[in-house]
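> pasted the sequence and its predicted model underneath.
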Amino acid sequence: MLKLEARRRVGTGKGAGRRIRDKGMIPAVLYGNHGKTVSLALDPKAVRTLLKSPKGGNTTFELNVDGGETVPCTIVKTYQKDPVRRSLLHCDLIRLDPSKNRDFQIPVILTGTSLAEKEGGRLLFITRTLGVECVPADVPVSIEVDVSGLDIGDRLRLSDVPLPSGLTLVDALNTPIVTATTALAEIVEEELEEGEEGEEGAEGSDASTEGAASKSDSDASAD
């Protein structure tokens, strides 16, 4: 398991956070699993290394606080970045029980070349992550979905994806992952035509009765 060193910090708020960043560290908070909330300071380079590991944001690690207290199973729950410099500003860490299931979002990787693509069609990649439940040690790097058998008009749903042992799907089984279609430009053109027909129908309805239009406007405002 990967390791991350941390220091306890004193003080909260913008001023304390600024002083920590001036020292080349970033403020962080550790909580969860019935433990106390602890204010920490972390090396941003070490945090970026964790987030760039194969499991990305699902990476679990051992947290060592001041070279003494050890949290054996920890994960980065959220983090903030500077909108311009893209440097890390703050992290929330949570303790995990390594023996208990929790939800994770796993990236989907498409493999193979579909029959539709060989015929000049396209694949619409709709769902790029799967919500699964498992213990932290069972989290996979990704879930591969073979699309080589997809022809134009075919669709793969979550129910068609075999999951590794230990994982339970938490998303709806009928959620579409990928659809094989004709050229994307044709689909966009059809959608635009349908949208124009809908607008013409709405104009005709408005012209037929002023009272109906007024009621529709008031309903929309209420929404």
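That came through, no problem.
> okay, now the domains of the chain?
2-95, 102-184 (automatic domain parsing).
> show me where the protein has helices.
Counting by DSSP state H, the chain has helices at residues 14-22, 44-51, 115-118, 184-208, 210-222.
> hey, least reliable of these by pLDDT?
Among these, helix 210-222 carries the lowest mean pLDDT, a mean of 40.
> now do the contacts for the most centrally placed residue in the chain.
Nearest to the mean C-alpha position of the chain, by Cα atoms, centre = their mean, lies residue 105 at 6.0 Å. Residues near residue 105 by Cβ atoms under 8 Å, 6 or more residues apart in numbering: 57-58, 129-131. Where you see a C-beta, it was placed from the backbone N, CA and C, and this is true even at glycine.
> who does it bridge with?
residue 131 (DSSP bridges).
> ok, longest strand in this structure?
strand 69-81 (DSSP state E).
> okay, that strand in PDB with CA atoms only?
Extracted C-alpha coordinates of strand 69-81, given in PDB (Å, rounded to 0.1, in the frame of the first residue of the first chain):
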ATOM      1  CA  GLU A  69      -0.100   7.900  14.500                       C
ATOM      2  CA  THR A  70      -0.900   5.600  11.500                       C
ATOM      3  CA  VAL A  71      -4.200   5.400   9.700                       C
ATOM      4  CA  PRO A  72      -3.900   2.100   7.700                       C
ATOM      5  CA  CYS A  73      -6.600   2.800   5.100                       C
ATOM      6  CA  THR A  74      -7.200   6.300   3.800                       C
ATOM      7  CA  ILE A  75      -8.500   7.900   0.600                       C
ATOM      8  CA  VAL A  76      -8.600  11.400  -0.800                       C
ATOM      9  CA  LYS A  77     -12.300  12.300  -0.800                       C
ATOM     10  CA  THR A  78     -12.100  15.700  -2.400                       C
ATOM     11  CA  TYR A  79      -9.500  18.300  -3.300                       C
ATOM     12  CA  GLN A  80      -9.500  21.900  -4.500                       C
ATOM     13  CA  LYS A  81      -7.200  23.400  -7.200                       C
END
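> point out the other helices and strands that that strand packs with.
strand 26-32, helix 44-51, strand 60-65, strand 88-95 (3 or more Cβ pairs under 8 Å, 6 or more residues apart in numbering; DSSP states H and E).
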